[in-house]
Every structure is written in C-alpha cells, then in structure tokens.
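Undergrad: Make a model of this:
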Amino acid sequence: MNQRIRAATSADIDGLKKVADSSGLFPSEYLDKMIFDYFNNSNTEDIWFTCVDDNKIVALGYCVPEKFTNGTYNLLAIGVAEASQRKGIASKMMEYIEQLLKNKEARILIVETSTDDAQIGARKFYKQIGYTQEAIIRDFWNDGEDKIVFWKKL
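TA: Numbering: from 1, shown residues only. Now for the predicted structure:
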C-alpha cells in the first residue's frame, strides 16, 4: 500500500463519489452541492480531505468549525471505500484531521453518529481512538433512532 492523506482537490470528485457510494456514507449525488463552497469560496472554513492509495481515492473526510464556538469542530463525514476497509485507513484519517485541527489551535472535535445497528462499528471505533460518548439526543434521526455525539479534547 502506498497511502497518502491530503486535502481534496476538484480532480478528486469522481473518486470521492465512488467512496461515498461504496461506503454507504451518503448518496454520491449529494456531493456536488456539499463540496461546492469548498471549491468556490476562498474564505470557506470547510475541510475536505482524502486518502489516496496507489493513485486511487479510497477515503473521504469532511469537517467544519461549529459556528459561534471557539475552536470546536464537527467531523460531518468520514468514509472508506468498501474494498479498503479494515486496513487502518479510518484511523489514519482521524489522526490527519486531529493534527490539522491542532495546527489551527482547535480545542475540540465532535463526531455524530446514530444508534442504528449499522453504526455499531462506528461507535466502537470512536471509543477505541479516544472519543468519549458525550450526548444522546433521542429520536433525532427518526423515531427510535437517536443521535450519539462523541467528543475529544485536542
């Protein structure tokens, strides 16, 4: 494996869409609208990053500052292509964003997930890499599907 994590570029769009679809993170048709500000606003604070393995996009990440806070960021999306999962890429992506945020003098990174059974692995992953389950918002995503907020001091 020849992996490199870096900021996303406009040339990555097709690969990022493939990751979104393969990982089940979100429908790829949402990506153009989600990433528009990142590519078209020189003042954006959005952070899009990717992992390239042997010249192929295999992961994506999306992080934003929380408005009206001092140094708190929210990781809105992280996904690894199905064929590249369970190879430590998600952990490396988290290390990348945490270091990037520390360099920006950020204080806190939060990650939101769900009580849906499909998110069991994600919840376990965040705990394994040092995140604390900080809050549960009942019925947030749907009746019976709660939002779980994980927190980490950077």
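Undergrad: which strands and helices sit next to the lengthiest helix in the chain?
TA: If you go by DSSP state H, the chain has its longest helix at helix 89-103. Applying 3 or more Cβ pairs under 8 Å, 6 or more residues apart in numbering; DSSP states H and E, one finds that helix 89-103 contacts strand 3-7, strand 47-53, strand 56-65, strand 72-80, strand 108-114. Yep, even glycine has a C-beta here, placed from its N, CA and C like the rest.
Undergrad: just for this protein, where's the confidence low?
TA: Applying pLDDT under 70 to the chain flags residues 1.
Undergrad: Domain map for it?
TA: What automatic domain parsing lists as the domains of the chain is 1-89, 107-154.
Undergrad: So which of those is nearest residue 99?
TA: domain 107-154 (9.0 Å; Cβ to Cβ).
Undergrad: separation between the nearest residue to residue 53 once chain neighbours are set aside and residue 27?
TA: Closest residue to residue 53 apart from its sequence neighbours, by Cβ to Cβ, 6 or more residues apart in numbering: residue 3 at 4.8 Å. Plainly put, residue 3 is 26 Å away from residue 27 if you go by Cβ to Cβ, to the nearest Å.
Undergrad: So for those two, which residue has more residues nearby?
TA: Taking other Cβ atoms under 10 Å, residue 3 and residue 27 do not tie; residue 3 has more neighbours (16 against 10).
Undergrad: Show the contacting residues for that one.
TA: By Cβ atoms under 8 Å, 6 or more residues apart in numbering, residue 3 lies in contact with 51-53, 58, 89, 92.
Undergrad: how much space between it and residue 88?
TA: In terms of Cβ to Cβ, residue 3 sits 9 Å off from residue 88.
Undergrad: For the closest residue to residue 122 other than its chain neighbours, give me its contacts.
TA: Spatial nearest neighbour of residue 122, excluding adjacent residues (Cβ to Cβ, 6+ apart): residue 113 at 5.0 Å. Neighbouring residues of residue 113 by Cβ under 8 Å, 6+ apart: 119, 122-123, 126, 147-148, 150.
Undergrad: ok, so of those, who is nearest residue 77?
TA: Using Cβ to Cβ, the contacts of residue 113 come closest to residue 77 at residue 122, 11.4 Å.
Undergrad: ok, back up a step: now, of the contacts of residue 113, which are buried?
TA: Buried members of the contacts of residue 113, counted by 16 or more other Cβ atoms under 10 Å: 119, 122-123, 126, 148, 150.
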